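Asker: need a structure here:
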Amino acid sequence: MASSDMTESDSEKFTYLPVPEIVARLGLYVTGAGTDVVPPGSSYPRQQHPELYHFNWRVGRVLPEFQFVFVVEGRGEFESRETGTLEVGPGTVMTLFPDVWHRYRPEPESGWTEYWISLGGELLFQWHKRGLFREDKPLTQLRRPVEAVSQYQNVIDFVMKHPEQDAPMLTAQAMTILAGVLEQSHKSMTGTGSGQDSDALDPTVREALRVVWNHSHQRVTVDMIAKLVGTTRRTLERRFREQLGKTILQALVGCRIQRAKRLLAETHVPIKNVAHASGFSSLSNFCKVFRREIGTTPGEYREDALQNVLTKGPVASKQSSDD
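Answerer: Residues are numbered from 1 along each chain as shown. The predicted model follows:
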């Protein structure tokens, strides 16, 4: 049976959910969700959660699962042994990891409004092992905080009305929250975030990117792409540099390399066929460009991917083939 605050109001409510065995098989499931509006000068936390989840600032807390706490308004601080003390501002998601000590609180002067969701399941642990979530980078600044409020509210409203848990529906709703966190955390970890919202891209640049991803496996050139989107190569190059900080040729090569990496890691297609399927003119050209961009040969990359599967657990069986 769900456990919830017996004196909750519209500003503070939460629910914890049972997790039957059949729900656990999904690999990702919601164990609880809630929200709280903490006025300036209030003690924190105001809510009395079950012992497993409750904490105070002096002692801190260690959770048995993942939790994503979204601060919509106000400011505060977060601390863990991996990060030390970090400032938390509006639009920030704090990712809390299983078995990792942490604590957080709003500033007395500002208070804050928070939404949170607790998640369990093997899928999250696999993502964690693969570096999609990192304990040394627990804070994520969301690009679309208004959308996130709606996503969190949908989950909270749903669990308040369905205490016995409709797992597939909840999992789908939770994935929308995770998608926003993963999008921004990936950009910050890889340095690929340019701050440019894809919705605000120049229509010509957006169309050119679509052409790149749809046709990069063919012998397409920059001149051909410019012609397909109805502009000159010079104009297209200028707009790419202005909005994405790279040339269209770099985008084309990057797309081909990404496709090649996936084929090398997830299939046992011969390397010469990987080169052709990825849009390279020859095997020798593919090996040259791959080493330049990745720092290793395609064969070595495949071997490393195989070893990672053996040590981290397979998603699908992969074999190496250097034909």
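Asker: CA only for contacts and neighbour counts going forward, please
Answerer: OK.
Asker: For residue 11, give me the pLDDT.
Answerer: Residue 11 is assigned 57 on the pLDDT scale.
Asker: Look up how far residue 113 lies from the residue nearest to the spatial centre of the chain.
Answerer: Nearest to the geometric centre of the chain sits residue 182, at 0.9 Å (Cα atoms, centre = their mean). Using Cα to Cα, to the nearest Å, residue 182 is found at 22 Å from residue 113.
Asker: what distance separates stretch 228-245 from the middle of the whole chain?
Answerer: Offset of stretch 228-245 from its chain centre (Cα atoms, centre = their mean, to the nearest Å): 29 Å.
Asker: Flag the shaky bits of the stretch 51-200 of the chain, pLDDT-wise.
Answerer: The model of the stretch 51-200 of the chain has pLDDT under 70 over residues 163-166, 185-200.
Asker: in it, which spans are helices?
Answerer: Assigned by DSSP state H, counting those that start in this stretch, the stretch 51-200 of the chain shows helices spanning 122-129, 145-161, 167-190.
Asker: Would you mind listing the buried residues in the first one?
Answerer: So the one you mean is helix 122-129. Within helix 122-129, the residues that count as buried by 16 or more other Cα atoms under 10 Å are 124, 125, 126.
Asker: contact partners of it?
Answerer: 27, 28, 66, 133, 134, 312 (Cα atoms under 8 Å, 6 or more residues apart in numbering).
Asker: Ok, the second one next?
Answerer: Under the criterion Cα under 8 Å, 6+ apart, residues 14-15, 17, 32-35, 72, 91, 115-117, 165, 170, 173-174, 176-177, 180 lie in contact with helix 145-161.
Asker: Dump the helices of the stretch 51-200 of the chain into JSON lines; add distance to residue 266 as well.
Answerer: As requested, these are arranged in JSON lines below (distance: least, Cα to Cα, whole Å):
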{"stretch": "helix 122-129", "distance to residue 266": "16"}
{"stretch": "helix 145-161", "distance to residue 266": "32"}
{"stretch": "helix 167-190", "distance to residue 266": "21"}
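Asker: circling back: in strands, which of the contacts of helix 122-129 fall?
Answerer: residue 66 (DSSP state E).
Asker: Can I have the buried ones of the contacts of helix 122-129 as a ChimeraX selection?
Answerer: To isolate the buried subset of these in ChimeraX, counting by 16+ other Cα under 10 Å, use the following:
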select :28,66,133,134
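Asker: which among the contacts of helix 122-129 gets closest to residue 228?
Answerer: The shortest approach to residue 228 among the contacts of helix 122-129 belongs to residue 133, at 38.9 Å (Cα to Cα).
Asker: Grab the nearest non-local neighbour of that closest one.
Answerer: What sits nearest to residue 133 in space, not counting adjacent residues and going by Cα to Cα, 6 or more residues apart in numbering, is residue 127, at 6.7 Å.
Asker: Quick check: the one you found vs residue 32, distance?
Answerer: 20 Å.
Asker: Contact partners for the residue sitting furthest away from the middle of the chain?
Answerer: Distance from the C-alpha centroid of the chain peaks at residue 232, with 35.9 Å (Cα atoms, centre = their mean). Residue 232 sits next to 223, 226 when contact means Cα under 8 Å, 6+ apart.
Asker: Fine by me, we can end here.
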